[in-house]
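In: Could you look at this predicted model? Sequence included:
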Amino acid sequence: MKFGVVVFPGSNCDQDCVRVVRDVIRQPVAILWHQDTSLQGVEAIIIPGGFSYGDYLRTGAIAHLSPIMQAIKSFAEDGGLVLGICNGFQILLESGLLPGAMMRNTGLRFICRTVPLRVERVDTVWTNKCQKGQIIHLPIAHNEGRYIRDPQPHESLAEQVVFRYEGTNPNGSEEAIAGLMNRAGNVLGMMPHPERAAEDVLGNTDGRLIFESMLTAHANA
Amino acid sequence: MKAQVYITLKDGLLDVQGKTVKSALDELGFKGVAQVRMGKYIEIDLAEAKPGAARQEVERMCQKLLANPIIEAYRVEVK
Amino acid sequence: MMKGKSAHRGMGSARTVVRSGARAGQDEALLHKVARSHNLSDDEFAHIVKVLGREPTLTEVGIFGVMYSEHCSYCSSKPYLKTLPTSGARILVPAGKENAGVVDLGDGLAVAFKCESHNHPSAVEPVQGAATGVGGIIRDIFTMGARPIALLDSLRFGPLSEARTRFLFQGVVKGISDYGNAVGVPTVGGEIYFDAGYRENPLVNVMCIGLVDPKQLARAAAKGVGNPVLYVGSSTGRDGLGGASFASRELAEGDADRPAVQIGDPFTEKCLIEATLEALATGEVAGIQDMGAAGLTCSTAEMPAKAGTGMEIEISLVPRREEGMTPYEVMLSESQERMLLVVKKGKQAQIQQIFAKWGLNAVAIGTVTDTQRLCVKDQGIVVADIPVKALTDDAPVYQRPVKEPAYLAKVKTWSPKSLSVPSDYNAALLKLLGSPTIANKAFVYEQYDHMVQTNTTLLPGRGDAALLRLNKPDKYLAATIDGNGRYCYLDPYEGGKAVVAEAARNLVCVGAQPLAVTDCLNFGSPKDPEIMWQFKECVRGLAEACQAFDTPVTGGNVSLYNESGGQAIDPTPIVGMVGLLEGKPLSAAFQQDGDAVILLGETREELGGSEYLSVIHGQRAGLPPRVDLRAEKALQQFMLDAHRSGWLQSAHDCSEGGLAVTLAECCIMDERQRHGVAIELSDEAVRMARRADALLFGESTGRIVVSCRPEQVDRVMMFAKRRGVPASRIGWVGGSQLTIGTWLSTSVEALNTQWRSGLQQALTTPRAHGRAR
């Protein structure tokens, strides 16, 4: 399964994602530069974490206007898999591919910590290797992780929540939402970093479940 | 023309920074501060010389980039 | 070639210093005013006239002024820095030759690393001061062609009960966090001390580490006559220009005589990292240096000096973000995120394209010449023309007078005879654990992204040093940053040794072989003979220890004049040390109930300079613990061999707070698993320490607490004996209490709560006095 990892000026976690795809789940991976319009035939796209455009103005606000995002929007509308991690999640929100918005953590401080998450749905591309209600531990590292639902909601979001923070809510996210997918289930945004927990040497492999789920879903498709 | 854009959090949304600033003001002894809401102030120098056209242009800027319509409201002043 | 005063009046820029029609006399008065504001002495001015063969122009005064400043020339410290050992088998770049030191790690990898201070700016504006400190040191690393992979920081503040300290502390942490996180380099380790002496003069020392293929090291020499000189990065503004600058232009009424605070832009820096590494990978860059202190001046002087060439630049080509900047201002500006490149002739466009891709300026502003002079033109008119050696190698060096400080007499005679022992050792331990210097620092390091780049193997707080994985399984780079101002105040020489010894101990505690050192020497005014004596003695201690441990000094930084109101900071040499682990990481916390606890090293009656003395008794006195370099080296070697043999479960260096604090930390520092421990100390140990408080809280050096499986105890003990390392089995891991003899017994929960809440408690208890600003 060919993956594409998007790189904006200011992306930080792109190489971390490339490393997991290439060396851990051993799949082909291409870099998608923000100015490109071609997706190079990838079957899944990862928008990695970082501080695209310095998070200036609003996090993800400028990145979502890049040429590559047009192609990604069409790709997503056609059912292509898109995983947005941290800044990637913020970019998906700004681009409208996921509902809602992100604000500053209620503690007003950057938080870098491994936190427990509850897996809410396992019948998804992203979590079919997990058990329902399973608690996994993934690192978060962000200043703006407080998820806000669109104040003009039309339908319930409940079906779309994939991960919730378990126990203490580290950033004040509404309904403790840590990861959310679109109605079709092919676009996932999550604040925690699965790519930081995919290798034994780093002491935590819970993140590998998400990548392996993607592979399983693809194989069964 | 010079445009001044005020971007504020929509009413009803919890403004944690505003709350923190209010606490600090209270601590400093300022009485009667009912509320503090924080936003952004942006100044834009435009080549466009007609106020009407300038305002329209800046409002489009707000819609496309400067404000997030889900959580922010904007107000434009042009001189 | 210029002659006499015509050169001075010939400055073409619109906002020249001199009002039109001014007389020669007024020019000269201004010249001397600017010279004085740069702290150029009359002797130095005369020297400049001699070097140039004429009076300098205003721009030249500025250039000499910054290049002769302590910060750039190391004029007071050079004679002593020369005594530090700098050579070694793994050293790829000799100290002082390039922007950072480089050490070979084998397997096609080398580590570039350096430490730098940003103390004075952080005292003015802590967020931006710390942020730009981080930015600056990162540039020193990637200018070598190394990808920055980690940051560590060593911070010093006044008492946390004071509003100003809280302001500075929170600002500095925010600055490091904002910049480091955005630029994508993890902050993986560090230390923070709170002491009254740093009240007005906080210390912000930042160390950066990068990895590079030794075959692709970039150099800072301006090689190749005729090669174009490229300015890349942010536009130039009036950042960092201060009193001297305001003296150099006609001021509007009411301009504040305060330097424009330098603002860091981590987004631009991240783009600069990527663009620079990409450009260097083409092989078409002949030389490169970052523009740090003294900005364009420093790089345009040092690069040709290193190559034996010269450089000519046209200053009007420099991208600016302010109107009406004079050549003086452009040369001295400290705007951030800028680099100077010397590109191979004909390859300019290729390099410029790379920077354009990343949205950065890349402008040709000059050429490398063979004149061995720095020639600066403004729209064709020469405004500065100086032999580069005069600015660099031949800059004045001073042999400042030294005098042993008077206060040392009292220090030497202090004794704990009149010191009472605690009536409640449990309370004393809890107080120490909760004191800001010792308390858990998660509040700080959780504001730093310490995981980005996915190399961080030992998370902050889990081991005595940071560990970063390398390009091969079971191969890691270890790093630590350490200092102890109080020890160095009470005994500069022993203190200097102690700092290096602690750094090395921290590395061996994670299983890593110490390799090399970078230093940051923070002192008061070199014009004070007593402080200069402290400097001399600290360097003597550092040099001796680095020699004994075979950890050469690859480079570093000196920060002097850290004082206000005549009160200088404690002499605070900071040591950053890197090491190599080929094997499995070793953690600091106890791992398993039933493990044996072994204390390596000996505890003597050495309460001088201890945290215990300071926190419990409110005293700063006595000689600090002695350092036996041979014993330290034997201990290091023992640790590495014992770990390699697989005998050890954990290792934690004994430092601030002594044995009791160390044991408590072993019980509680890993939040995933807490263990109790039952300790019995032998009669012999009690006799040697003479006092119970010295035994429990004294900070004798050369001690490490290790744990091992019961079946390994005999092996470990016999091996220690063979190596001449004192060792005693002092207890067993288990239960829910920390018990030491009959002196103390506290629940691990209580210790944990106190340790983890100490810092935040100190931050939130009602302020002692004053407001933040």
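Out: Everything's here; your move.
In: CA only for contacts and neighbour counts going forward, please
Out: Will do.
In: average pLDDT for the longest helix seen in chain A?
Out: If you go by DSSP state H, chain A has its longest helix at helix A:208-220. Helix A:208-220 shows a mean pLDDT of 96.
In: just stretch C:545-554 next, same as before
Out: 97.
In: Near chain C, which residues of chain A? Just list them.
Out: Proximity of chain A to chain C, by Cα under 8 Å from any Cα of the partner chain, involves residues A:9-10, A:12-13, A:15-16, A:50-54, A:109-113, A:141, A:196, A:201-203.
In: try 6 Å this time
Out: By Cα under 6 Å from any Cα of the partner chain, the residues of chain A that approach chain C are A:10, A:12, A:16, A:51, A:54, A:110-112, A:196, A:202.
In: Farthest-apart pair in those, please.
Out: Across the residues of chain A next to chain C, the longest distance by Cα to Cα is 27.3 Å; it joins A:54 and A:202.
In: who has more neighbours, these two?
Out: Neighbours were counted for residue A:54 and for residue A:202 using other Cα atoms under 10 Å in any protein chain shown; residue A:54 has more, 24 against 18.
In: how many neighbours does the closest residue to that one other than its chain neighbours have?
Out: Sequence neighbours aside, residue C:267 is the residue nearest to residue A:54 in space, at 4.6 Å (criterion: Cα to Cα, 6 or more residues apart in numbering or on different chains). Here the number of neighbours of residue C:267 (other Cα under 10 Å) works out to 23.
In: ok, and what's touching the longest helix of chain A?
Out: Residues from elsewhere that reach helix A:208-220 (Cα atoms under 6 Å, 6 or more residues apart in numbering or on different chains): A:125-129, A:198.
In: Adding secondary structure and pLDDT, write the residues of chain A next to chain C out as TSV.
Out: Below are these laid out as TSV (DSSP: H, G, I helix; E, B strand; the rest coil; pLDDT from 0 to 100):
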residue	secondary structure	pLDDT
A:10	coil	95
A:12	coil	96
A:16	helix	98
A:51	coil	94
A:54	helix	89
A:110	coil	97
A:111	strand	98
A:112	strand	98
A:196	helix	98
A:202	helix	95
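In: circling back to that earlier point, tell me the pLDDT of the residue nearest to residue A:54.
Out: For residue C:267, the model assigns a pLDDT of 93.
In: which strands and helices sit next to the helix or strand that it is a member of?
Out: For residue C:267, the element it lies in under DSSP states H and E is helix C:266-281. Counting contacts by 3 or more Cα pairs under 6 Å, 6 or more residues apart in numbering or on different chains; DSSP states H and E, helix C:266-281 is packed against helix C:163-183.
In: Return the list of strands paired to the next helix-or-strand element following the helix it packs on, each annotated with direction.
Out: Sequence-wise, the next helix or strand downstream of helix C:163-183 (DSSP H and E) is strand C:187-194. In the sheet, strand C:187-194 lines up against strand C:147-157 (parallel) (DSSP bridges).
In: Around residue 51, how many other residues sit close by?
Out: Using chain A here. The number of residues packed near residue A:51 is 28, by other Cα under 10 Å.
In: hm, I was asking about chain B
Out: Neighbour count for residue B:51, taken as other Cα under 10 Å: 15.
In: do you know how far it is from residue B:42?
Out: Distance, residue B:51 to residue B:42, by Cα to Cα, to the nearest Å: 17 Å.
In: What of residue A:2?
Out: Distance from residue A:2 to residue B:42, counting by Cα to Cα: 42 Å.
In: Out of the two, name the residue with the larger neighbour count.
Out: Neighbours per residue, other Cα under 10 Å: of residue A:2 and residue B:42, the larger number sits with residue A:2, 15 against 12.
In: surely the more buried one meets residue A:39?
Out: No - if you go by Cα atoms under 6 Å, residue A:2 and residue A:39 don't touch, sitting 10.6 Å apart.
In: Which single residue of chain B approaches chain C most closely?
Out: residue B:28 (9.3 Å; Cα to the nearest Cα).
In: residue boundaries of the helices in the chain?
Out: Just going to use chain A. With DSSP H, the ranges of helices along chain A come out as A:14-19, A:67-77, A:87-94, A:208-220.
In: The chain in question should be chain B.
Out: Using DSSP H, the helices of chain B run over residues B:16-27, B:51-61.
In: try the stretch 501-650 of chain C
Out: C:529-549, C:611-617, C:629-644 (DSSP state H, counting those that start in this stretch).
In: now the chain, which segments are flagged as low pLDDT?
Out: Because you didn't say which chain, this covers chain A. Along chain A, segments meeting pLDDT under 70 span A:153-154.
In: My question was about chain C, not that one.
Out: Counting by pLDDT under 70, chain C has low-confidence residues at C:1-26, C:242-260, C:767-773.
In: Can you give me the neighbour number for the nearest residue in space to residue B:17 that is not next to it in sequence?
Out: In space, residue B:17 comes closest to residue B:38 once its chain neighbours are excluded; the distance is 6.7 Å by Cα to Cα, 6+ apart. If you count neighbours by other Cα under 10 Å, residue B:38 ends up with 14.
In: Verify the stated contact: residue B:38 with residue B:20.
Out: No - under the criterion of Cα under 6 Å, residue B:38 is not in contact with residue B:20, lying 10.2 Å apart.
In: How about the residues of chain B by chain A?
Out: Proximity of chain B to chain A (Cα under 6 Å from any Cα) is limited to residues B:16, B:70.
In: in chain B, which helix or strand is least confident?
Out: The weakest-scoring helix or strand in chain B, judged by mean pLDDT, DSSP states H and E, is helix B:16-27 (a mean of 85).
In: May I see the buried residues of that helix?
Out: B:16-17, B:22-23 (16 or more other Cα atoms under 10 Å in any protein chain shown).
In: which one of those is nearest chain A?
Out: Ranked by distance to chain A (Cα to the nearest Cα), these are led by residue B:16 at 5.9 Å.
In: Please give me every residue in contact with the closest residue to that closest one other than its chain neighbours.
Out: Spatially, and ignoring its direct neighbours in sequence, residue B:16 is nearest to residue A:106 (5.9 Å; Cα to Cα, 6+ apart). Residues near residue A:106 by Cα under 6 Å, 6+ apart: A:171-172, B:16.
In: Just put the residues you listed in CSV and tack on distance to residue C:617.
Out: Listed next are the contacts of residue A:106 as CSV, based on distance: Cα to Cα, whole Å:
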residue, distance to residue C:617
A:171, 41
A:172, 43
B:16, 42
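In: Which residues are in contact with residue C:457?
Out: With contacts defined as Cα under 6 Å, 6+ apart, residue C:457 is in contact with A:202, C:467-468.
In: Many thanks, we can stop here.
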